[in-house]
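[1] okay, predicted coordinates and the sequence, questions at the end:
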Amino acid sequence: MPRIAKPSSIANAPAAALPMLQAVEKQLGVVRNLFRMVANRPAALEGYLGKTLARLDAAEMIANRHGCSTDPKAAAAVRFAARVAQSRGDVGQEDLAAVRLAGYENGEIIESVQHVALNVWTNYINEVAQTEIDFPVVSARDAA
């Protein structure tokens, strides 16, 4: 049973969240419970939505779940993000060197760390709120 209520529909969300939820619905075709629950605080929803809704095809999503990518440069970013998650941010100089060698600059490295942190944040939010998870089930895999 959820411990933090979510708007029953996007129409019942706070007015400031409505355009963001409509954009999510347009892009994904559905507004998942997490988005509706976070819409209780439109500023939090705005921060979360930043770049989290990337348009990835099925092959790329499968590759990403295996810790790689169909694109060599993106593969370096995925490996780096997996390393950040595994080490809880305590990456080595060699991890930074590898992602830089692939062509990523400091700002992009920071953005990668932010994406990892956002995933941790959504996990914590869902645990605290006991959100009914309505995303498709994906089994965990070890990253490369």
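    Received it, and whenever you're ready, just let me know what you need. Numbering: from 1, shown residues only.
[2] now Pro14. Nearest residue, chain neighbours left out?
    Using CB to CB, 6 or more residues apart in numbering and skipping the chain neighbours, the partner closest in space to Pro14 is Pro42 (5.4 Å). In short, each C-beta sits where N, CA and C put it, glycine included.
[3] going by neighbour count, list what's buried in the helix or strand of the chain with the lowest mean pLDDT.
    When the helices and strands of the chain are scored by mean pLDDT, DSSP states H and E, helix 58-65 comes last with a mean of 77. For helix 58-65, burial by neighbour count (16 or more other CB atoms under 10 Å) applies to Glu60, Ala63, Asn64.
[4] cool, stretch 107-118 as well?
    Those would be Ile109, Ser112, His115, Val116, Leu118, for stretch 107-118 by 16+ other CB under 10 Å.
[5] okay if I get those as TSV plus distance to Ile125?
    Formatted as TSV, these follow (distance: CB to CB, whole Å):
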residue	distance to Ile125
Ile109	25
Ser112	21
His115	15
Val116	15
Leu118	10
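[6] for those residues, work out which two are farthest apart.
    Ile109 and Leu118 (15.2 Å; CB to CB).
[7] give me the mean pLDDT for the helix or strand where Glu111 lies.
    If you go by DSSP states H and E, Glu111 is part of helix 106-129. Helix 106-129 shows a mean pLDDT of 91.
[8] flag the shaky bits of this protein, pLDDT-wise.
    51-56, 138-144 (pLDDT under 70).
[9] mind running it again at 80?
    For the chain, residues meeting the criterion pLDDT under 80 lie at 1, 51-58, 60-62, 64-67, 135-144.
[10] continuing past the least confident helix or strand of the chain, what's the next helix or strand?
    helix 72-87.
[11] for the very next helix or strand once past that next one, buried residues please.
    Past helix 72-87, further along toward the C-terminus, the next helix or strand under DSSP H and E is helix 93-101. Along helix 93-101, these residues count as buried under the neighbour rule (16+ other CB under 10 Å): Asp95, Ala98, Val99.
[12] what comes into contact with helix 93-101?
    By CB atoms under 8 Å, 6 or more residues apart in numbering, the surrounding residues in contact with helix 93-101 are Ala76, Ala77, Arg79, Phe80, Arg83, Val84, Ile109, Ser112.
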